[in-house]
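# turn this into a model:
(chains A and B)
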Amino acid sequence: MRAQPAQKIWRVSMRKAKKYWEITKTYMKTQLVWRADVIFNMIFTITRILFAYLLWGIIFQGKEMVGAFTFHGMLSYYIVSSFLSQLEMSGGISSEIHDRIRNGTFSKYMVIPAGIELYFMAMELGVVLFYLAFDLIAAVVWIFIFRIQFVFAAEWSVVVCAVVMAVLGMVFMVQLNYYLGLLTLKYQGIGTFLMIKNNLVSLIAGSIVPLALFPETVIRIMRLLPFYYVTYLPSMLLTGMCRDEALRGIAVIGCWCVIIQLVIWITQKKYFRTYDGVGI
Amino acid sequence: MNSTIINTDNLVKTYRRYKKQEGIRGSIASLIKRIYEEKTAVDHISLSVQAGEFVGLIGPNGAGKTTLIKMLTGIIAPTAGAVDVMGYYPNDLKNEFKKQYAVVMGQKSQLFFELTVNDTLRLFKEIYEIPEDTFQANKNYFVKLFGVEDLMDVQVRTMSLGERMKMELIVALLHNPRILFLDEPTIGLDVIASKQIRSFLREINEEKGTTILLTSHYIEDIKTLCRRTVVINHGAKIYDGATDELFDRYQRNKKITVTYDSPADHTLRASAHVNLVLNEPYKKVYETPKEHAKYLFAELMEHEPKDIVVEEEEIGIVVERIYHEEGTVCEGAACAEDMEG
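Below is the predicted model:
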């Protein structure tokens, strides 16, 4: 008899999981329609690695080390970091919400019996899973072509932490973009918010320059922000450049996920009540 | 047993809109000081709909019809008043509530344009948690009813507007909703597609007992489908009653357009009842009370026209007439008695 509530919860959870998995599958199917997108995404992955190879080749000429990086260590970091940042495609969520609210078609998501935020998460997963395979193939092929001695973390626990952190980082980015999209309900335009976010992300996520090259004080401040844990730290962990921050990193990005979720719940409840949406 | 499925009491929706003087000076001034005006989109509407009814909601553009539907489906929250749809406050946006209704808006789509309808149906099966056997039964029923067997595996973006609307309806009806909200479902459709959609809607209402609330600019939609019509103008309800009575009472004139092969210049025998709206050598447009239309028609036929078209008055004219003639809400038969009294 005791097992009944547990079984019920299990059944409900499975039904929900099935619902969101179907959304994920649907968006994977929509990606498969556009063949040119797939090819160009792979080309961009390749060109990024090519440019990194040329750029860092010049910088490392006559030097063994730059910062704490060897040439191959730097390229390994670059490949992992560009791979992760390529997978981070949540920027489309804020634009989708913004455009739909402005065009009066956001109701598409409001009238179906599915959590709107979870819908976007499932949608993002569908897009990411699709590109994951292609970007991975492109990265591996180029590691062999350039004969890069890929530097990888020696401990499995660090690899697991890096993967968990990368997943939490992507969840955070979906939450952040969802939140920014919701701001359209109040501000009608979110261009400024997106610009600030994009610049912060580019800098703090380490996709412009590895953060290890910044002064320690700057890095200390960045460690408090979630973007540090989106691509930069997982890349550093995966390439064995750092191992001490693994658990603390998961805790910090986890806290950020909880905080932004609370902000989303409050904002969503308030803005869905006050949104007038008349005339569209 | 109370079968009221939708109930609103003094429902109000107001919103603010930004105003600016024209020109660059006005734009600069608006940077410093914004001027807003308050607009009432829905003004104290009380409405009660019984389960199984097919209700038409008509009114000119900006009357508040879509805003009312948005409040009934929870898309927006009312500013004041009470709303109850199937026992829920719609803007709570509860999934249990959303599983019991469907909304189809003519210019908004639930379909995935890159995919086929079968893909979208599969998605909606999971979203609405429809059991496999119900899903298959409903899918087969609607596919057969709409005659779209050949289109189920075709990419949506390649379909015509009429085909897409049929698919929107199938997606909306898949989970057996208790209420179907339709906002301009026939907008932009040709005569044949509109007629088909109307026939499907009638069948769904009669066979499945689905309560339908329909807004439309087309008189034909309302006349052929809705036994009851609610007229809204400037956000307020100005008529709520039988559709037949509404059009008998307020749709008073017919418009007759006549074209000729050679210049025509003739005097009508019963010109007292006829208003000549357009007078060109090859084309004339007359307006006449509907009871006099047959006499005018017969007389015009004597002059051997090239073509002759008889049209009914548009919804906008009917609404304006009610608005100008009635000070308060006109509730069907009660309204008729008041007028006679």
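
# phi, psi of B:Tyr15?
Note on B:Tyr15: its backbone torsions stand at phi -150, psi 160 [degrees, to the nearest 10].

# mean confidence score for stretch B:202-221?
This predicted structure assigns stretch B:202-221 an average pLDDT of 91.

# is the single nearest residue of the stretch 151-280 of chain A relative to chain B in a helix, a strand, or coil?
As assessed by Cβ to the nearest Cβ, chain B sits closest to A:Asp276 within the stretch 151-280 of chain A, at 3.5 Å. In this view, the C-beta of every residue, glycine as well, is placed from N, C-alpha and C. Look at A:Asp276: counting by DSSP: H, G, I helix; E, B strand; the rest coil, its state is coil.

# tell me how far the nearest residue to it once chain neighbours are set aside lies from A:Leu185.
In this structure, A:Asp276 finds its nearest non-sequential neighbour in B:Tyr15, 3.5 Å apart by Cβ to Cβ, 6 or more residues apart in numbering or on different chains. In this structure, B:Tyr15 lies at 13 Å from A:Leu185, with Cβ to Cβ, to the nearest Å as the measure.

# what of B:Glu184?
The gap separating B:Glu184 from A:Leu185 is 24 Å, by Cβ to Cβ.

# more crowded one of the two?
Neighbours around B:Glu184 and A:Leu185, counted as other Cβ atoms under 10 Å in any protein chain shown, are more numerous at A:Leu185. The numbers are 22 against 19.

# work out for me the element the more buried one sits within.
Using DSSP states H and E, A:Leu185 falls within helix A:184-187.

# so what secondary structure elements neighbour that helix?
Contact here means 3 or more Cβ pairs under 8 Å, 6 or more residues apart in numbering or on different chains; DSSP states H and E; on that basis helix A:184-187 packs against helix A:91-103, helix A:246-274.

# same question for stretch A:120-136: list its buried residues.
By neighbour count with 16 or more other Cβ atoms under 10 Å in any protein chain shown, stretch A:120-136 contains the buried residues A:120-128, A:130-131, A:134-135.

# just stretch B:250-268 next, same as before
Under 16+ other Cβ under 10 Å, the buried positions of stretch B:250-268 are B:Tyr250, B:Gln251, B:Arg252, B:Asn253, B:Lys254, B:Lys255, B:Ile256, B:Thr257, B:Val258, B:Tyr260, B:Ala264, B:Leu268.

# quick one: contacts for the first one?
The neighbourhood of B:Tyr250, defined by Cβ atoms under 8 Å, 6 or more residues apart in numbering or on different chains, consists of B:Tyr239, B:Val318, B:Arg321, B:Ile322, B:Glu325.

# and the residue nearest to A:Glu124 when sequence neighbours are not counted, what pLDDT?
Take A:Glu124 and drop its neighbours on the chain: the residue closest to it by Cβ to Cβ, 6+ apart is A:Val174, 5.1 Å away. Looking at A:Val174, its pLDDT reads 94.

# B:Glu149 too?
We note a pLDDT of 92 for B:Glu149 in this prediction.

# how many neighbours does it have?
Taking other Cβ under 10 Å as the neighbour definition, B:Glu149 ends up with a count of 10.

# in contact with the residue nearest to A:Ile112 when sequence neighbours are not counted, which residues?
Take A:Ile112 and drop its neighbours on the chain: the residue closest to it by Cβ to Cβ, 6+ apart is B:Ile127, 5.5 Å away. Going by Cβ under 8 Å, 6+ apart, B:Ile127 touches A:Lys19, A:Glu22, A:Ile23, A:Ile112, A:Pro113, A:Ala114.

# phi and psi next, for B:Ile127.
Summarising the backbone geometry of B:Ile127 under the convention degrees, to the nearest 10, its torsions are phi -60, psi -40.

# same check, this time on B:Leu214
For B:Leu214, the backbone dihedrals (degrees, to the nearest 10) come out as phi -120, psi 130.

# A:Phe144 too?
Listed backbone geometry of A:Phe144 is phi -70, psi -40, with angles given as degrees, to the nearest 10.

# tally of neighbours for it?
Counted with other Cβ under 10 Å, the burial measure for A:Phe144 works out to 9 neighbours.

# what does stretch A:94-108 rub up against?
The list of residues contacting stretch A:94-108 from outside it, by Cβ under 8 Å, 6+ apart, reads A:109, A:120, A:177-178, A:180-182, A:184-185, A:188-190, A:194, A:277, A:280, B:70, B:73, B:75, B:103, B:105, B:108-110.

# buried set for that stretch?
Judged by neighbour count (16+ other Cβ under 10 Å), stretch A:94-108 contains these buried residues: A:Ser94, A:Glu96, A:Ile97, A:His98, A:Arg100, A:Ile101, A:Gly104, A:Phe106, A:Ser107.

# and stretch A:23-30 with chain B, contact?
Yes. With Cβ under 8 Å from any Cβ of the partner chain as the criterion, chain B is reached by stretch A:23-30 at A:Ile23, A:Thr26, A:Lys29, A:Thr30.
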